[in-house]
Structures are given as C-alpha cells and as structure tokens.
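Participant: The sequence isn't on hand, but the structure is:
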C-alpha cells in the first residue's frame, strides 16, 4: 500500500523540488500557512520559483523567507501590502508580479483542480485585469475569461489529518488550502495533528485524501498573528472597539 | 460642519436592513459595525472565509486561526460558519451578499471606482475589492470628499486604475451623500449634506457633475 506519511517536511519534499517550478502555497496572510514546508523549501535552496499564493508572507516569516533568499522569480497574488521587501524587489524590477482579484485567484485554482480550463467572470471587467483577455456577453452583461491555475507542487496546511491524507481545517485557516490541495500535480499537506485512521469524523472531512500525495505532522507551529486586535474585558468599553 | 469618521460610519449604517448579509471593508467601513441598530440582525461576511464575524477577542484570547480580511484577530458567534475562499467569493460573485461598504480613492459620476492602486507608488494589490464591487448587489463607498492636497475625489472620470466600472450606488463623504444611477443614465445626485455644509462648498470641492436634491 502506498505510504503517504512522511517523518518531516524535509523528507516529504524529497524528489519533488526543481528549479523554475510553479509552487502553490496555502494561507491567507499568515493564517493557515504551511510554515514547516516553507522553511524546508527555503533550506532546500530551490530557485526560480513561480509562487501562487494570496499573499507573500511578511518580512522574515512565511513566504517572506523565500523572497529574502532570492528563490522567487514571480508571484501570482491578490495582495502583497504587508511585505516591504516585496515592494522593493518589484519596483526595482527583480520580481515579476501578476495581481489577480482574490475571488478570481480562488476560482482559477478551484477550476484548475476540477479540470475546468477557463471560466467567465464579471470581476475585473473594464479594469487592467481584463486587458488582453477574451470577453463575452451573457444575458446583456460583459464577462471576462480567466484561465485555470495548476502547479507542479501545492503545499497546504490543515489542522488535523489522517494517514490517508484526509484533511480538516480549522476556522479561517481554511482559506485557499482546500482548492490548492486539488490543483497541485503533487500535493503535500502539513498538519498540526496526524491522527490514526478512523479518528476523523468522515462526514466532516474538508479535503478527501485523494488530493493529498504526502502528509506530515509539522515539527513546530509559531502561528504568528499579523494584527493582534483585542477588546478590554470591561463590558461598557467593549462595545467601542469592534 | 463636516462629518467625522464615526459620523460617516453612522450614516453608512443607515443603509443596513434587517436580515442583510454585509461585507465591510477596511478603515471607516469597519466602524459601521459599531452602529448596527440593536433591533436589527445583520450578518457580517469576511471574504477570507467566514459568515457571522464577532467582535475582537478579549485580551489573551486571540486565536491565530481566526482572523478577518484585514488580518485582525476576531471571534465567532453562535451561528457563525467557516468556508473556503472559493466558496466565499462564490457567495460574493453570485450576488448573495446584499451590501458592501468600502473605502475609495476616486469615484466617477457614472459610478466607476478606483481604490486599489496608485501607479509607481502603491503596490499592494486589489485583494477582494474587484470581486466585491462586481458581485455584491449594492455598493456603498465611504471616503473623504477631497484628497489631503485638496484635490477632488469625485470626478467626471477616474484618473487612477479602476476597481470596477459602473459599480457604485452611493457615496458618503465627510460633506454629504451622493446617489449614483450606475445602471441608468441619471448620473450623480447630492441627496444629503452634512450640517452647515453649503451646496456651494460641495460644488467647489467636486469635479464630477451632479444634480442637487438636498
């Protein structure tokens, strides 16, 4: 029986990395990012990456690590505003960038995993996003054609997973991970807790194991918070800070 | 007297209706949550993948797996739900969200919106803004009436790269409220003014053509 479980991120990446490859990396901001696999990819020294990810981490964490190490040639993202190095590299021409509207990015990845080569959307019609793309009218409205996205390798992060690669995400850490898991020619999942078969409720699986080629339990999770916002316990003042 | 940020948010909250599913943008739109009338049920959507956004957590209770689209830590409510970003934008694109309140840099008299990019200066990305204005049934922009330099932001045509064409239904500035007939040809109409703000002052600070109903 094919063995999907690997001891750690480095072992799981064995044989799947090559220079110039396309990499999908799950997460929204720093929430739900495969931080162990990203560190191991940094350590591998692989270069010339095209990275598909909603954001590009922050300086010193997440995909920011690959950016600092000069491993990324091109980013396909919807928002990179949290990363100063990104802006510098882009404005100096050292980094290519393709901005996608967030929903278009999510749907391009979903389509890629579902075998749909392209789709039409209203998003971006009449803006730079639609420039050079085919448009078509349906029922009196104009739509732009967007192509599907796949990747040589997708790395995703889930909360719990089992030896079959079934995954369960937690709260808003789900974000882009489920679609990316379907759109990698090879998909690697890291989880906080690797469970025995039968430990996950089969009705509550978010990503069925068919999409996951290799799974590992992450060695450490920093789970850094980007914008810590809280309210005081004083109930009278609590109303103000929503 | 021009409206404060909080007064602009309170005015935007008047656009809410009982039972609405609403997406609030970053900045002044976020403050709208403080002005939801007590008798009204409004469900806030966060486009990273949540319905039923709760308030900020108490100190020491922040959960790194629970953030809003502005990457701020938040909480869940008893009837909240989580889903993927693809499901989230299916909701948005599919017209299931009733109202989007967001910030703006420029709005044209036809309802074009620019709020994501200043060429050569700001390289951040559009995030979900283009999807929201394309898919949400009613779009309200809350912004200052003029730039810090005094340059008008309500224009005959936007000069910055667009977020969407003919997408804005209502603009709330610190000086007044403008309705836009984005689906028809009636253009922009001034429907409310902040207290003691004259039509003449608004005209002087507005490049867009507008009718006056207030």
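Facilitator: Ah, there it is. Since the structure is predicted, the reported quantities are computational estimates derived from the model, not experimental observations. Residues are numbered from 1 along each chain as shown, chains lettered A, B, ... in the order given.
Participant: surely residue B:179 meets residue B:187?
Facilitator: No: if you go by Cβ atoms under 8 Å, residue B:179 and residue B:187 don't touch, sitting 9.5 Å apart. The way it works is simple: take the backbone N, C-alpha and C, and place the C-beta from them, glycine included.
Participant: So the residue nearest the centre of chain A versus residue B:176, what's the distance?
Facilitator: The residue lying closest to the centre of chain A (Cα atoms, centre = their mean) is residue A:26, at 1.9 Å. From residue A:26 over to residue B:176 the distance is 44 Å, taken as Cβ to Cβ, to the nearest Å.
Participant: Ok, residue A:102 next?
Facilitator: Distance from residue A:102 to residue B:176, by Cβ to Cβ: 31 Å.
Participant: try residue B:11
Facilitator: Taking Cβ to Cβ, one finds residue B:11 at 10 Å from residue B:176.
Participant: number of nearby residues for residue A:9?
Facilitator: 25 (other Cβ atoms under 10 Å in any protein chain shown).
Participant: what about the closest residue to it other than its chain neighbours, which helix or strand?
Facilitator: Counting by Cβ to Cβ, 6 or more residues apart in numbering or on different chains, residue A:40 is the residue found nearest to residue A:9 once chain neighbours are left out, at 3.7 Å. According to DSSP states H and E, residue A:40 maps onto helix A:35-44.
Participant: Contacts only, for the residue of chain B most remote from its centre.
Facilitator: Ranked by distance from the centre of chain B (Cα atoms, centre = their mean), the top residue is residue B:60, with 30.7 Å. Listed by Cβ atoms under 8 Å, 6 or more residues apart in numbering or on different chains, the contact set of residue B:60 reads residue A:230.
Participant: pLDDT on stretch A:51-58, on average?
Facilitator: Across stretch A:51-58, the average pLDDT comes to 96.
Participant: before we move on, what about stretch A:206-225?
Facilitator: Mean predicted confidence for stretch A:206-225 is 97.
Participant: those helices in chain A, which residues are they?
Facilitator: A:9-12, A:35-44, A:64-68, A:84-91, A:102-114, A:177-183, A:235-238 (DSSP state H).
Participant: Same check on chain B?
Facilitator: B:5-13, B:28-31, B:85-93, B:129-135, B:199-204.
Participant: tell me the most buried of these?
Facilitator: helix B:129-135 (a mean of 29; mean count of other Cβ atoms under 10 Å in any protein chain shown).
Participant: Tell me which other helices or strands it touches.
Facilitator: helix A:102-114, helix B:85-93, strand B:99-102 (3 or more Cβ pairs under 8 Å, 6 or more residues apart in numbering or on different chains; DSSP states H and E).
Participant: For stretch B:92-100, buried residues please.
Facilitator: B:92, B:93, B:97, B:98, B:99, B:100 (16 or more other Cβ atoms under 10 Å in any protein chain shown).
Participant: between these, which is nearest residue B:38?
Facilitator: Checking the buried residues of stretch B:92-100 against residue B:38 by Cβ to Cβ gives residue B:99 as the nearest, at 18.7 Å.
Participant: Quick one: low-confidence residue ranges for chain A.
Facilitator: A:1, A:235-242 (pLDDT under 70).
Participant: Need the residues that contact the helix or strand of chain B with the lowest mean pLDDT.
Facilitator: The weakest-scoring helix or strand in chain B, judged by mean pLDDT, DSSP states H and E, is helix B:28-31 (a mean of 94). With contact meaning Cβ under 8 Å, 6+ apart, helix B:28-31 is reached by B:5, B:6, B:8, B:9, B:12, B:24, B:70, B:101, B:102, B:103, B:142, B:143.
Participant: my guess is residue B:205 contacts residue B:149, does it?
Facilitator: No: at 12.0 Å, residue B:205 does not count as touching residue B:149 under the criterion of Cβ under 8 Å.
Participant: Going by how many neighbours each has, rank the two and give me the top one.
Facilitator: Each of residue B:205 and residue B:149 has its neighbours counted (other Cβ under 10 Å); residue B:205 has more, 18 against 5.
Participant: OK, contacts around the closest residue to residue B:197 other than its chain neighbours?
Facilitator: Sequence neighbours aside, residue B:175 is the residue nearest to residue B:197 in space, at 5.0 Å (criterion: Cβ to Cβ, 6+ apart). Listed by Cβ under 8 Å, 6+ apart, the contact partners of residue B:175 are B:2, B:3, B:145, B:193, B:194, B:197, B:201, B:202, B:205.
Participant: As a check, name the ranges of all strands in chain B.
Facilitator: B:21-24, B:43-46, B:50-53, B:76-82, B:99-102, B:106-108, B:113-114, B:138-142, B:154-155, B:170-172, B:176-181, B:187-193, B:210-212 (DSSP state E).
Participant: Identify the residues contacting the second one?
Facilitator: Translated: strand B:43-46. Contacts of strand B:43-46 (Cβ under 8 Å, 6+ apart): A:172, B:20-24, B:33, B:51-53, B:68-69, B:74, B:88, B:91-92, B:97.
Participant: one more time with 7 Å, if that's ok
Facilitator: B:21, B:22, B:23, B:24, B:33, B:51, B:52, B:53, B:68, B:69, B:91, B:97 (Cβ atoms under 7 Å, 6 or more residues apart in numbering or on different chains).
Participant: So what's the residue count around residue A:130?
Facilitator: By other Cβ under 10 Å, the residues close to residue A:130 number 20.
Participant: Cross-check the contact I'm expecting between it and residue A:146.
Facilitator: No: contact criterion Cβ atoms under 7 Å: residue A:130 and residue A:146 do not qualify, at 9.3 Å.
Participant: I appreciate the help and will end here.
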